Every structure is written in structure tokens, then in C-alpha cells.
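Engineer: I would like the atomic coordinates for the input below:
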Amino acid sequence: LANRDLEDFAYVISHDLKAPLRALRYDSGDADRDLTAGNVDGVRERLAAVRRQESRMRAMLDGLFAYARIGRKNEALDDVDSRRLVETLASGIGRPAGMTIEIGGDWPRLTTLAAPLDLILRNLVDNAIKHHDRTEGRISLNARDDGDALTITIADDGPGVPRDWQAAVF
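Structural biologist: Below you'll find the model as predicted:
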């Protein structure tokens, strides 16, 4: 069981670090183009974005390792501003310039496991970006407070899951 948990944890870390690494690739490519064009302000903006991604990766690793060390999951419960969490996610996730992320609905404060919630939402948005068939598109994140449950919907205008794969995926 311990080996399985370690294997699952390693998978989560490797999967979740791919999004900020992709953002670093986009930002460094933009910085290179700005540098070639002599756009110093653009280079400064890209370097600031690189620093934000580095900070995000460090925070992700710190959160994941702290979560892994906790013996009882209820000890990891945090007060989470879910709107702030998704806004931070949307502003920091790497994506092509033509890909927009819209946030709507009622995002309440929650008492929950912050790191896993962040990872799940980040993975879904990252998959919407990664599997989109164009570099321009729209991803929407919406939440609805149903009293004792929070319904979160993530949708995009991409090709969707092929019909042959839907049973396996869902």
C-alpha cells in the first residue's frame, strides 16, 4: 500500500508540474521574440511571468509534500476562497495567447483539502488546453453552491472526448 501511495504521489507531482513548465516554455518563447524585436518592456513582462511560474511551482511542491506528510487528512483542512483559487489558477496557467479562461458563477469559501482541489481543477483546465484542437479558444469555469455540495463545471470549445473513448473516460 505504501508503494502504491508513493507511486500515485509521484504521478501527481510529475503530471501537475507539466502545466507550469509549459507556461515557462510559452513565456520564454515570447521573451525571445520580444528580445529579437527590441521590445525591452515585453521581455520584462515575460521575466515577471517566469518568476510567477517559478513561485507557483515551488508553492505546488511545498503543498504537495506537506499534504503527503500528514497522517490524517482532516489535519490538512483549510479555509479556501474558491474564487481566488480559480482566479490564481487562470492567471498562472500556461496557455497560448489566443486561449481565454472565463470564470463565472458562485465560488464560495470552503473548508476543504486545498492542495487536492487545486490539483484537480488545474488538471482539468490543463487538459482542456492541452487537448484543444486550436491555439484560440475559450475555457469556462463555473461553480454553483447547491447547499451541501458545490457543483463545478469546466467546459471548453474544443473537439471534446471522441465518442469511442467516452465510456472509458467517464
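Engineer: Where does the prediction get shaky in this structure?
Structural biologist: Low-confidence segments of the chain (pLDDT under 70): 1-10, 12, 63, 65-76.
Engineer: Give me the most central residue, it.
Structural biologist: Geometric centre of the chain, nearest residue: Arg122, 2.4 Å, by CA atoms, centre = their mean.
Engineer: Name the nearest residue to that residue, sequence neighbours excluded.
Structural biologist: Once flanking residues are discounted, Arg122 sits nearest to Leu89: 5.7 Å by CB to CB, 6 or more residues apart in numbering. For the C-beta atoms, the positions are set from N, CA and C on the backbone; glycine is no exception.
Engineer: That neighbour: which element?
Structural biologist: For Leu89, the host element (DSSP states H and E) is helix 82-92.
Engineer: Go through that helix and flag the buried ones.
Structural biologist: Residues of helix 82-92 classed as buried by neighbour count (16 or more other CB atoms under 10 Å): Ser82, Arg83, Leu85, Val86, Leu89, Ala90, Gly92.
Engineer: same check, this time on stretch 29-37
Structural biologist: The neighbour-count check on stretch 29-37 (16+ other CB under 10 Å) flags Asp30, Ala31, Asp34 as buried.
Engineer: now swap in stretch 54-65 and tell me
Structural biologist: Neighbour counts using 16+ other CB under 10 Å place Arg56, Met57, Met60, Gly63, Leu64 of stretch 54-65 among the buried residues.
Engineer: Looking at those, which are in helices?
Structural biologist: Here DSSP state H is the test, and the buried residues of stretch 54-65 give Arg56, Met57, Met60, Gly63, Leu64 as lying in helices.
Engineer: could you dump those residues to a markdown table with distance to Gly105?
Structural biologist: Below are these laid out as a markdown table (distance: CB to CB, whole Å):
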| residue | distance to Gly105 |
| --- | --- |
| Arg56 | 24 |
| Met57 | 28 |
| Met60 | 25 |
| Gly63 | 25 |
| Leu64 | 27 |
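Engineer: which one of the residues you listed is nearest Asp146?
Structural biologist: Gly63 (27.0 Å; CB to CB).
Engineer: Would you check how far apart the closest residue to Gly98 other than its chain neighbours and Arg46 are?
Structural biologist: Leaving aside its sequence neighbours, Gly98 sits nearest to Glu136 (CB to CB, 6+ apart; 3.4 Å). Computed as CB to CB, to the nearest Å, the Glu136 to Arg46 distance reads 20 Å.
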